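In: Give the three-dimensional model of this entry:
(one chain, ligands or ions: 1)
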Amino acid sequence: MARSAAAQRQKTAPTRHSLRSHVRITKAQSTIGAKTIKTEPTEEELGNVFTIKIKEEQEGDVCDDTKEPVKSEHGLAEDTILTSSDSPFPTFAHPTPKECELVHATLVGIHGERTRPSQKVAPKDVAGCGTSQSVLDALVRTILSQNTSNKNSTRAKKSMDAVYGSSDNWEAIVKGCQPKLQEAIRTGGLSVTKSKAIINLLTQVYEKYGKYSLDHLFEATNDEAMSEMMSYGGVGPKTASCVLLFCLERPSFAVDTHVYRLTGLLGWRPAKATREQAQEHLDATVPDHLKYPLHVLFIAHGRTCERCKATGRGGGGAAPCKLRNSNAVM
Ligand SMILES: [Zn+2]
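Out: You can find the predicted model right below:
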């Protein structure tokens, strides 16, 4: 089965028991373009836990991505230049694999370990973002989640399922035409754009393959899968990367609003990088085995930390940020 083969490709994130005592990282290995970089942080290095510096911020400017990121200290900046020609910023030296390991361990300490579920089950109670056994369903779910909250995209998904009788009644959706779908997903925001994108996707897939399925992408390479998904209107790099990461279970570092903001704070990308450039850069630099857990943990942090929430102003009575107050912030 292609899916079980894909599952076998999955690497399990290293287990960490404590941030400050014996943090064990079996091996960090990053394949960047044609170059393979290995790093094995020592206990001593990890004992110092987290020598990464997050740029100092003024109260309330959590979302300000325009400042210059602060470079890492304690030799991290002297690490091998890790970026490759795959990055739009080949001379930007962060994040290093070690920085990724340290921030991952910090976030695990705050939010708990995140590993891929052993079985992908398309959730019925939320729209999800790429979590489905069907590539086409994952793409539609991710399109619904574009530029809106989980709550809104879930409302749109439930409404769509109710109108068409099931969650993947693609034929009925196409036959019903775009205005009906637009109305069905109205509560999810951007319903005109999203309904057009979904109808366009379904129509093109059917014309191309004679069926409503993109499951052949389980057998495709990462580049082939990204390329095909992005060939459909309305599917951008973030949407395609989410499907690659969650549905196809490949190492891909999708950059959403939380990931973009937090990686800006960490100085993991140039301050002025666009979302797309940030994704290209981070996909080239974050070690493969950390792409899934770091993506999920950044989102968990961005959604729950009072200081880092997109909607929060970060100051006043907001609870302190455990990431910023950890030894990760020197
Ligand atoms: Zn925070």
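
In: pretty sure Ala220 contacts Met229?
Out: No. Taking Cβ atoms under 8 Å as the definition, Ala220 is not a contact partner of Met229, at 9.7 Å. Backbone N, C-alpha and C define where each C-beta goes, glycine included.

In: okay, the two: which has more neighbours?
Out: Met229 (26 against 19; other Cβ atoms under 10 Å).

In: I'd say the more buried one and Lys238 touch.
Out: No. Counting by Cβ under 8 Å, Met229 does not reach Lys238; the two are 11.0 Å apart.

In: Ala162: neighbouring residues, count only.
Out: Using other Cβ under 10 Å: Ala162 sits among 10 other residues.

In: same thing with the one 5 residues further on?
Out: A total of 17 residues lie near Ser167 under the criterion other Cβ under 10 Å.

In: Let the chain start at 211 from now.
Out: In the new numbering, first residue 211, that becomes Ser377.

In: Helix, strand, or coil at it?
Out: Look at Ser377: counting by DSSP: H, G, I helix; E, B strand; the rest coil, its state is coil.

In: I'd like the distance between it and Ser369.
Out: 12 Å (Cβ to Cβ, to the nearest Å).

In: just the helices in this protein please.
Out: 212-219, 253-257, 307-321, 345-354, 360-374, 380-394, 401-419, 432-441, 447-452, 467-475, 485-495, 498-514, 532-535 (DSSP state H).

In: Determine which of these approaches the ion most closely.
Out: Smallest distance to the ion across the helices of the chain (Cβ to the ion): 4.8 Å, for helix 532-535.

In: Kindly export that closest one (C-alpha atoms) in CSV.
Out: Provided in CSV are the C-alpha atoms of helix 532-535 (Å, rounded to 0.1, in the frame of the first residue of the first chain):
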residue,chain,number,x,y,z
LYS,A,532,7.1,30.2,28.3
LEU,A,533,9.0,30.1,25.1
ARG,A,534,10.4,33.6,25.4
ASN,A,535,11.0,33.1,29.1
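
In: ok, residues contacting that helix?
Out: By Cβ atoms under 8 Å, 6 or more residues apart in numbering, the residues outside helix 532-535 that reach it are 264, 313, 316-317, 319-320, 511, 515, 517-518, 539.

In: buried sites along that helix?
Out: 532-534 (16 or more other Cβ atoms under 10 Å).

In: now the contacts of helix 532-535 as TSV including pLDDT?
Out: TSV is the format used below for the contacts of helix 532-535 (pLDDT from 0 to 100):
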residue	pLDDT
Ile264	38
Val313	94
Thr316	94
Leu317	95
Gly319	93
Ile320	93
His511	94
Cys515	90
Arg517	86
Cys518	84
Val539	49
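
In: so can I have a markdown table of those residues showing neighbour count and distance to Leu412?
Out: Formatted as a markdown table, the contacts of helix 532-535 follow (neighbours: other Cβ atoms under 10 Å; distance: Cβ to Cβ, whole Å):
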| residue | neighbour count | distance to Leu412 |
| --- | --- | --- |
| Ile264 | 23 | 43 |
| Val313 | 27 | 39 |
| Thr316 | 24 | 42 |
| Leu317 | 25 | 37 |
| Gly319 | 21 | 43 |
| Ile320 | 17 | 40 |
| His511 | 23 | 35 |
| Cys515 | 23 | 38 |
| Arg517 | 21 | 41 |
| Cys518 | 23 | 37 |
| Val539 | 19 | 47 |
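
In: Those residues: which ones sit near the ion?
Out: Residues of the contacts of helix 532-535 in contact with the ion (Cβ under 5 Å from the ion): 515, 517-518.
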